[in-house]
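Participant: need a structure here:
(chains A and B)
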Amino acid sequence: EAQVTQNPRYLITVTGKKLTVTCSQNMNHEYMSWYRQDPGLGLRQIYYSMNVEVTDKGDVPEGYKVSRKEKRNFPLILESPSPNQTSLYFCASSFADPNEQFFGPGTRLTVL
Amino acid sequence: AQSVTQPDIHITVSEGASLELRCNYSYGATPYLFWYVQSPGQGLQLLLKYFSGDTLVQGIKGFEAEFKRSQSSFNLRKPSVHWSDAAEYFCAVGANNAGNMLTFGGGTRLMVKP
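Facilitator: Here you go, the predicted structure:
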């Protein structure tokens, strides 16, 4: 089944404790993105990647890192999480721009 | 920079009634437009998209949307709403050669009365 998977789905952590949210897609998509969803703000793009080893900042990259060492994986790294990063995070992937993006199920992160 | 406005945060309609969700965008060139739906606790599912051609676009689940360049709008419509349509709906605009970045509106939460 074609899908985007994220892990974990739920995470509660404390300020400053490094964490990684994994994202994997099995559709051989070139493009992958991370978004955060906050009430009333819709989804905002954090980082995106157009291919292996090619990443760039989206609208709200501060406090996040990403890497794209393999085509299928695009982990999101929070080196020192803060409470304002409490949010619902979505990974998405697609073929060449522009195109439909396929979204993962989301990861709900709470930073205490 | 592109932007999307969904003026209605909440909408309540009766089951069987017609529905129109508003979306206005700002973008300097021809936009790529999308409507996504998010059911409670779920990810986003694409309802329909507009890239070019016919300005009336048909999507899944009986939804359609009309691109009106003169009004910078891409409103979503459905002639008869079902209870299962209760969800949050997001309009998004994409720009070519921009890393496939989508800019989303704030969303409209649809509630359906029996």
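Participant: three-state assignment of residue B:84?
Facilitator: helix (DSSP: H, G, I helix; E, B strand; the rest coil).
Participant: measure it to chain A for me?
Facilitator: Residue B:84 sits 19 Å away from chain A, taking CB to the nearest CB, to the nearest Å as the criterion. Any C-beta I mention is one placed from the backbone N, CA and C, and that applies to glycine too.
Participant: Just give the number of residues close to that residue.
Facilitator: 10 (other CB atoms under 10 Å in any protein chain shown).
Participant: try residue B:24
Facilitator: 17.
Participant: Identify the bridge partners of it.
Facilitator: residue B:5, residue B:73 (DSSP bridges).
Participant: Go ahead and confirm it touches residue B:2.
Facilitator: No. The criterion here is CB atoms under 8 Å, and residue B:24 misses it with residue B:2 at 11.7 Å.
Participant: ok, which stretches of the chain are strands?
Facilitator: This is for chain A. Secondary structure of chain A (DSSP state E): strands located at A:4-7, A:10-13, A:19-25, A:31-38, A:42-51, A:54-57, A:65-66, A:76-78, A:87-94, A:102-103, A:107-111.
Participant: Chain B, not that one
Facilitator: Per DSSP E, chain B carries strands over the ranges B:3-5, B:10-14, B:19-21, B:24-26, B:32-38, B:44-50, B:56-58, B:64-68, B:73-78, B:87-94, B:102-104, B:108-113.
Participant: Let's have those strands in a markdown table, adding distance to residue A:93 and mean pLDDT.
Facilitator: Compiled in a markdown table, the strands of chain B are given as follows (distance: least, CB to CB, whole Å; pLDDT from 0 to 100):
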| stretch | distance to residue A:93 | mean pLDDT |
| --- | --- | --- |
| strand B:3-5 | 21 | 92 |
| strand B:10-14 | 31 | 97 |
| strand B:19-21 | 26 | 97 |
| strand B:24-26 | 23 | 93 |
| strand B:32-38 | 14 | 94 |
| strand B:44-50 | 12 | 93 |
| strand B:56-58 | 23 | 96 |
| strand B:64-68 | 24 | 96 |
| strand B:73-78 | 23 | 98 |
| strand B:87-94 | 14 | 93 |
| strand B:102-104 | 12 | 87 |
| strand B:108-113 | 25 | 96 |
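Participant: Next to chain B, which bits of chain A? Give me the list.
Facilitator: A:4, A:31, A:33, A:35, A:40-45, A:48-50, A:56, A:58-59, A:90, A:92, A:94, A:96-101, A:103-106 (CB under 8 Å from any CB of the partner chain).
Participant: Filter those down to the buried ones.
Facilitator: A:4, A:31, A:33, A:35, A:42-45, A:48-50, A:58, A:90, A:92, A:94, A:97-101, A:103-106 (16 or more other CB atoms under 10 Å in any protein chain shown).
Participant: Chain A contacts on chain B?
Facilitator: Counting by CB under 8 Å from any CB, the residues of chain B near chain A are B:4, B:6, B:9, B:32, B:34, B:36, B:42-46, B:49, B:51, B:90, B:92, B:94-107.
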